[in-house]
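Novice: Structure here, sequence nowhere to be found:
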């Protein structure tokens, strides 16, 4: 899942700014193009605002959240809608309209454009992450095929030769963006293996190439995925990239239900690594990383004391989703309980995308998101944007178990009584008709 921190990683790799990319990398919507920019919910440093940015933030109608949407508007809108879908809630028409209005004519989405009435141009910083997230969100609604197809067409147009995608098209592929696009293709009903680059490669080819081998020399990084190779070609473990790649490696998207839990994953060396094997190796890395404390840790900032790392709540939620959706739910149980006790303040601070991440983790583990450590995540998410449509919400397993037997018995009895009344009335009408017909 894309985060502000992931954006920072993309910046380091491409040596550009999230909101001030070189013209060749940011061509946007209504001209032939290639792009750049998007973030999300983790409490990581965002680019410093300019002095002119001190004016009060005006949140457009239909958008979720109260913070400046410049760097994450489309991302948080998409995540919020996915979280609502996972919880059985239908987003408001206004929220859907806001997201669709962000799409450029060529199918791409930017992180945010304040005036959708203004056509996208070479200065519109579109990117693959915002586009892939929006496609996944729109796929849950029904009736959005034109917007989905345009988004997929644009993603196809910026696929790298190695089969993968980068955050800012025109730069090297990364595991996070490639994984998000795999989820978007899957949600749109397109097989990722059928989308080939000019070099004849598909998304899984690129993803497997970013998997760290299960070898002794790999040490604690064995099985993990790297975001991108460093300048020397070395791969280093990245928790965010690994969680995203594990989910994508088995063909799953962000809204994924539980899979029957099996034995603990192993990191298995393979001379011919398949996408699924690479994903399961990544799951072994995540399970090991969670084992000590029940959560992942944020990487230390340069120059900071790394003796007491801070917990990484967002990626812990992603790891729970990835492990459970790939059949390793038993390895995620401790982390799930840790999230229930420790994620409330973080979600409140970070808003709709953070609530959505927790709802997606709850959905994957068959946990009631309306009682997540005593917090109603759905109510809080809904409160960050326009009121959703009033629709029947499927009862969670926990809610179903608490339903009164007496209530159910009364409902059955009522149906029986009504049935008898209807049968009696029909019999009466038949009898009257018979008498009337006699000479």
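Specialist: Received it, and whenever you're ready, just let me know what you need. If you're wondering where the values come from, they're calculated on a predicted model, not measured in any experiment.

Novice: all strands for the stretch 201-350 of the chain, in order.
Specialist: Under the criterion DSSP state E, counting those that start in this stretch, the stretch 201-350 of the chain contains strands at 296-297, 311-312.

Novice: for the stretch 1-150 of the chain, that is, sorry about that
Specialist: With DSSP E, counting those that start in this stretch as the criterion, the stretch 1-150 of the chain has strands at 109-110, 126-127.

Novice: Can you tell me how far the residue nearest in space to the middle of the chain is from residue 273?
Specialist: Closest residue to the average C-alpha location of the chain: residue 254 at 4.0 Å, with Cα atoms, centre = their mean. Distance from residue 254 to residue 273, counting by Cβ to Cβ, to the nearest Å: 24 Å. Heads up, the C-betas are built off the backbone N, CA and C, glycines and all.

Novice: Residue 93 too?
Specialist: Applying Cβ to Cβ, the value for residue 93 to residue 273 is 45 Å.

Novice: try residue 207
Specialist: Separation of residue 207 from residue 273 (Cβ to Cβ): 10 Å.

Novice: Compare these two and say which is more crowded by neighbours.
Specialist: Each of residue 207 and residue 273 has its neighbours counted (other Cβ atoms under 10 Å); residue 207 has more, 29 against 16.

Novice: List the contacts of stretch 367-381.
Specialist: By Cβ atoms under 8 Å, 6 or more residues apart in numbering, the residues outside stretch 367-381 that reach it are 64, 80, 83-84, 86-87, 89, 336, 339-341, 343-344, 347-348, 352, 355-356, 358-359, 361-363, 393, 396-399.

Novice: Show me which positions of it end up buried.
Specialist: For stretch 367-381, burial by neighbour count (16 or more other Cβ atoms under 10 Å) applies to 367-373, 375, 377-378, 380-381.

Novice: now the strands of the stretch 1-150 of the chain as TSV including mean neighbour count and distance to residue 300?
Specialist: Listed next are the strands of the stretch 1-150 of the chain as TSV, based on neighbours: other Cβ atoms under 10 Å; distance: least, Cβ to Cβ, whole Å:
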stretch	mean neighbour count	distance to residue 300
strand 109-110	31	32
strand 126-127	34	27
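
Novice: Could you check what's spatially nearest to residue 287, not counting adjacent residues?
Specialist: Leaving out its chain neighbours, the residue that sits closest to residue 287 by Cβ to Cβ, 6 or more residues apart in numbering is residue 331, at 4.0 Å.

Novice: contacting residues for that neighbour?
Specialist: By Cβ under 8 Å, 6+ apart, the contact list for residue 331 reads 264-265, 283, 286-287, 290, 323.

Novice: which residues does the closest residue in space to residue 103 that isn't next to it in sequence form a beta bridge with?
Specialist: Excluding its sequence neighbours, the residue lying closest to residue 103 (Cβ to Cβ, 6+ apart) is residue 109, at 5.5 Å. Listed by DSSP bridges, the beta-bridge partners for residue 109 are residue 127.

Novice: And the buried residues of stretch 367-381, which is closest to residue 176?
Specialist: Nearest to residue 176 among those: residue 381, at 23.0 Å, using Cβ to Cβ.

Novice: Would you agree the closest one falls within a helix?
Specialist: Yes. With DSSP: H, G, I helix; E, B strand; the rest coil as the criterion, residue 381 is part of a helix.

Novice: Grab the nearest non-local neighbour of it.
Specialist: residue 355 (4.0 Å).

Novice: Are there helices or strands packed against the helix or strand harbouring that neighbour, and which ones?
Specialist: Secondary structure assignment for residue 355, by DSSP states H and E: helix 352-364. Where contact means 3 or more Cβ pairs under 8 Å, 6 or more residues apart in numbering; DSSP states H and E, helix 352-364 is packed against helix 73-86, helix 313-325, helix 333-342, helix 344-350, helix 377-382.

Novice: Show me which residues of the third one are buried.
Specialist: Of the residues in helix 333-342, those buried by neighbour count under the rule 16+ other Cβ under 10 Å are 333, 335-336, 338-340.

Novice: Check the fourth one too.
Specialist: By neighbour count, and taking 16+ other Cβ under 10 Å as the criterion, the buried residues in helix 344-350 are 344, 346-347, 350.

Novice: quick one: which of those residues is nearest to residue 193?
Specialist: After measuring these against residue 193 - Cβ to Cβ - the closest member comes out as residue 350, at 35.1 Å.

Novice: roughly how far apart are the closest one and residue 83?
Specialist: Noted for residue 350: a distance of 13 Å to residue 83, by Cβ to Cβ.

Novice: which sections of the stretch 251-400 of the chain are below the confidence cut-off?
Specialist: The stretch 251-400 of the chain contains residues with pLDDT under 70 at 303-307, 390-400.

Novice: ok, residue 195 - contacts?
Specialist: Listed by Cβ under 8 Å, 6+ apart, the contact partners of residue 195 are 156, 159, 185, 202-203.
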